[in-house]
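> One predicted model, sequence on top.
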Amino acid sequence: MRPASLRSRRASGRESLPPRLPSRCRTPRSSRRGRQRAEATVPRKVAAGSPRRKAGSRGVAGERPRPYPPGVTQGILLVDHGSRRAASNALLGEVAERIAAKLPEGTLIEPAHMELAAPTIAEAFDQLVARGASEVVVVPYFLSPGRHATEDVPRLAAEAAARHPEVAHRVAPPLGPHDLLDQLVLVRAGVRSAQ
């Protein structure tokens with residue numbers, strides 16, 4: 001749910017939505033989108049003795065193969081800096097919801113703030129473990145590899161992981177530079193790519 005202040009700005013026209021990304025940058029639309037969101041947060045149980053699909057196999061029509069070993073529930077911990085403004089913090093929750101709709105079955109996601117706001121990295125890590133994550137990937141929602149992304153977030157993630165020695169964890173690099181971010185800058189600026 002969007003914060004009231006953001007909804008009212010959009011409704012009044014003071015804030016326009018960004019233009020659509022080029023088709024190669026968009027996620028394909030799916031009639032299962034609502035179902036995928038629900039399934040992304042509740043891993044399906046497999047009956048004892050039932051055959052498991054091999055990674056990369058197509059399986060039953062409409063099912064996605066698991067990109068990690070059977071029995072591993074991957075959790076994504078999406079971390080931003082955090083702010084004293086509630087509306088700014090709520091945006092990370094919206095990003096996490098959008099990502100959750102695109103996740104494969106058995107993958108979880110939780111937003112967290114490095115400082116100034118809740119949930120903290122430790123609280124969100126605990127939440128992922130409580131939901132069944134056996135592996136947590138901490139993704140710094142930062143554009144560059146500054147001190148927060150390379151020192152503070154990994155340190156706070158290691159402290160949170162120390163309380164759950166049975167759970168594997170790793171810290172991914174920050175978002176930029178990346179071809180998709182390059183394209184997004186052009187879209188936001190309203191400039192056509194030369195390619």
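Received the coordinates, thanks.
> what number of residues lie near the residue lying closest to T107 once chain neighbours are set aside?
Using Cβ to Cβ, 6 or more residues apart in numbering and skipping the chain neighbours, the partner closest in space to T107 is Q74 (4.9 Å). C-beta: built from backbone N, CA, C; applies to glycine. Residues within reach of Q74, counting by other Cβ atoms under 10 Å, total 22.
> which residues of this structure fall in helices?
4-12, 33-41, 86-100, 121-130, 147, 153-162, 179-189 (DSSP state H).
> so which of the ones you listed gets nearest V171?
helix 153-162 (4.7 Å; Cβ to Cβ).
> Tell me what angle the closest one forms with helix 121-130.
Orientation check (axes from the mean of the first three to the mean of the last three Cα atoms, to 10 degrees): helix 153-162 against helix 121-130 gives 50 degrees.
> Need the contact partners of helix 153-162.
77, 79, 114, 120-122, 125-126, 136, 138, 140, 142, 167, 169, 171 (Cβ atoms under 8 Å, 6 or more residues apart in numbering).
> Most neighbours of all those, which one?
Top of the contacts of helix 153-162 by neighbour count (other Cβ under 10 Å): V79, with 30 neighbours.
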